[in-house]
Every structure is written in C-alpha cells, then in structure tokens.
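Undergrad: build me a structure from this.
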Amino acid sequence: MTNSIGIIIDGLVAILLVLTIGYCMMLNRRLKLLKADEQSLRATISELVTATEIAERAIGGLKLTVHECDTSLGERLRKAERVTIEIERSVVAGKELLGRLSQIVTAGRGNDHATTPSGEVRHGDVKRAAKPDAGSGGNGGSDVKSNTQTISRTDAKAVAAAAEAFAERVRTKVHGLAA
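TA: Numbering: from 1, shown residues only. Sure thing, here's the model as predicted:
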C-alpha cells in the first residue's frame, strides 16, 4: 500500500505539473498578446502625441492669423469711418455750395426784370446804365433795357451752366472717393 499511495501521489503531482505547464503556456500566450497590444498602444500613443503637437502648432498659427486679421480689420474700419466722415462733410459742403449757387441763379433770374429808380439795371456787381438816349427820340432807353436784360439772361444761363458743371465735378469726386 505504501507503494500504491506513492504512485497515486506521484500521479497527482504529475497531473498537477501537466496542469501547471498548460496554465503557464496559456499565461505565456496571454502575455505575448498583452505585449503585442502594448506595442500597438505605444504606437497609438505616439501618433496621438504627434497629432496633439501638430494641432497645438496649428492653433498657435490660427491665433496669430486671427490677431493679424483683427488688427487689419480694425485699421480698415477706422479708415472707412474717416472716409465716411470726409464724404459726409463733402456732401454737406456740396449741398451748401449748391444752395448758394441756386440762390445766385435765382437772384440772377430775379434781377432780369428788376430796375433801379434811376433807370439802371443791376446784374451781380456790374451796373449797366440804361438811361434814355436823347438823340433816339425816347426809343433808345428801351433798346438799352432790352440789351441789358438779354445780357443778364445770358449771364444767368452761364452761371447756371457753371453751377451744374461744378456740381457734376463734386459728384464725380465724391463717387470716386466712395469707390
């Protein structure tokens, strides 16, 4: 019996050794898979670090670009505001000038028929004598008044034409600045 107990114990030890060897082989396989996963995980982590560095550089570049754009846009907005104010001033000055020219033209048209009590017709700063001529039998005064009125109308038309030309130049200049 002692022999049979020794054989049973040796058999049990042999079975346990076989199980231990099988378990060690299984653990070895798992460790190999884990090492393979570790290598792929390291590669993944390395790629992630590289991608993060690239993204950080891109973000830095974008921040710089945004700052430059902000500065450039701010300068352009300030310049646009200055040009807008200048255009508004020019438009107001042009309207004032047009109003004065209109008053001059209106005054010139109104003066076509106006005569002073002494018989002189007034046009702008120039006075033209419209006294009757004694040698023409009273008819000469009418001719002088007619000639003066014709000259006044012609001068008023010239002033109106000059005012229109000036207004057109102002419009061209303002539109040129706006573009």
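Undergrad: stretch 97-116 - what's its average pLDDT?
TA: On average, the pLDDT along stretch 97-116 is 71.
Undergrad: cool, and stretch 69-83?
TA: What stretch 69-83 shows for mean pLDDT is 93.
Undergrad: for it, buried residues please.
TA: Neighbour counts over stretch 69-83 (16 or more other CB atoms under 10 Å) mark no residue as buried. Quick note: C-beta positions are derived from backbone N, CA and C, even for glycine.
Undergrad: what's stretch 86-105 in contact with?
TA: Residues outside stretch 86-105 that contact it (CB atoms under 8 Å, 6 or more residues apart in numbering): 156, 159-160, 163, 166-167, 170-171, 173-174, 177-178.
Undergrad: can you give me how far it is from the chain middle?
TA: Averaging C-alpha positions (CA atoms, centre = their mean, to the nearest Å) puts stretch 86-105 28 Å from its chain's average.
Undergrad: from Arg89, how far off is Val83?
TA: 11 Å (CB to CB, to the nearest Å).
Undergrad: just to revisit the earlier point, most neighbours, which of the contacts of stretch 86-105?
TA: For these, the largest neighbour count, defined by other CB atoms under 10 Å, is 21 neighbours, found at Ala156.
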